[in-house]
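>>> dropping a prediction and its sequence here:
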Amino acid sequence: MALHIYPATIRGVTPPIQCLLARPTPKTRTAPTLIYFHGLNGSRKQIFQGRYAELAEAIQENGWNILSVELRGHGSRRVNKNLSAIENIVNTITSNDHNPLDGALADIPAIVDFLLDKKIASVGAIATAGLSWGGMHALYALQKEPRIQCAAALMPICKITGMVEFQELEGHPLVERFEPLHALRELAPKPLLMITTEKDRRAHPRYASQLYEKTAARIRAGRRGWAPHLRYASWDRSRLRFRNDPDYSTMVAESSTMADLVFRDH
């Protein structure tokens, strides 16, 4: 399936958010829309390139728009263009001059405003997904923005300092405030699919499992009301391939089903 991709810029935040908008057909306008957050050291192009393009094609076959956004500290949004995304994030957190984690929360409502103002999506038909570092941002977005209906977090980072690149930030108050295990308290009752891989040592599955169990415990305790669509799945990465792999097809199908269930009711 051909991807119809157009550049877009969201202004009103600093630095502006560079995006790529993909539509199922050149004539598609308002449609259910997925906000996609790329992985660490990635870019807004990630979902349309290489092995990830199959995921974009599967989403578009369902008639969705995709808005892939450039995360803070990455690509054109790096404070220091001579440093990698990881180096930029560490430097900005330790200096507290430009906080990419705090800024990421400010970006989320601006992204949704853009989708609605430009009539790319309608109210009640916006979902989010992300990979690894982007999966963490998808979880932030699901919690912060009431206009986002559901999410799929693919191998999400659920403990920032669990990554070797950020171990030196262990105990840093700014990072502690944004650690998903501490910060994500109100994920339910929205539909959420979290997918991990058993042998992942960067986005370690035990932290995603802990987050899932905490959220499920709140549901069981009746603190968040009705929330039947919380789902956690794990695959063995050694056999998870992104082309012609039945496990990957299942992952795409389950992600689609979660969002379809929401969109069908609006």
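Looks like it arrived, so ask away.

>>> since we're on residue 5, how many residues are nearby?
Here the neighbour count serves as a burial measure; for residue 5 (other C-beta atoms under 10 Å) it reads 15. For the C-beta atoms, the positions are set from N, CA and C on the backbone; glycine is no exception.

>>> list the contacts for it?
Residue 5 makes contact with 20-22, 48, according to C-beta atoms under 8 Å, 6 or more residues apart in numbering.

>>> show me the two of these that sit farthest apart.
The two members of these with the most space between them (C-beta to C-beta) are 21 and 48, at 10.8 Å.

>>> that older thread, can you put the contacts of residue 5 in a markdown table and add neighbour count?
Output for the contacts of residue 5, formatted as a markdown table (neighbours: other C-beta atoms under 10 Å):
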| residue | neighbour count |
| --- | --- |
| 20 | 22 |
| 21 | 20 |
| 22 | 23 |
| 48 | 18 |
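
>>> got any ranges where the stretch 51-200 of the chain has weak pLDDT?
Regions of the stretch 51-200 of the chain meeting the criterion pLDDT under 70 cover residues 96-99, 186-189.

>>> in it, which spans are strands?
Using DSSP state E, counting those that start in this stretch, the strands found in the stretch 51-200 of the chain span residues 65-69, 126-131, 150-154, 192-197.

>>> export the third one as CSV, just CAs?
Right, strand 150-154. Extracted C-alpha coordinates of strand 150-154, given in CSV (Å, rounded to 0.1, in the frame of the first residue of the first chain):
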residue,chain,number,x,y,z
CYS,A,150,-6.6,4.8,23.6
ALA,A,151,-3.0,3.8,23.2
ALA,A,152,-0.6,1.0,22.2
ALA,A,153,2.8,1.1,23.9
LEU,A,154,5.3,-1.1,22.0
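
>>> just the angle for it relative to strand 126-131, thanks.
Interaxial angle of strand 150-154 relative to strand 126-131 (axes from the mean of the first three to the mean of the last three C-alpha atoms, to 10 degrees): 10 degrees.

>>> ok now strand 150-154, how far from the chain's centre?
Between the centre of strand 150-154 and the centre of its host chain there is 6 Å, according to C-alpha atoms, centre = their mean, to the nearest Å.

>>> ok, now the last one?
From the chain centre to the centre of strand 192-197 is a distance of 11 Å (C-alpha atoms, centre = their mean).

>>> now for residue 21 and residue 48: what residues contact both?
With contacts defined as C-beta under 8 Å, 6+ apart, the residues shared by residue 21 and residue 48 are 5, 68.

>>> burial count for residue 63?
Residue neighbour count, defined by other C-beta under 10 Å, stands at 13 for residue 63.
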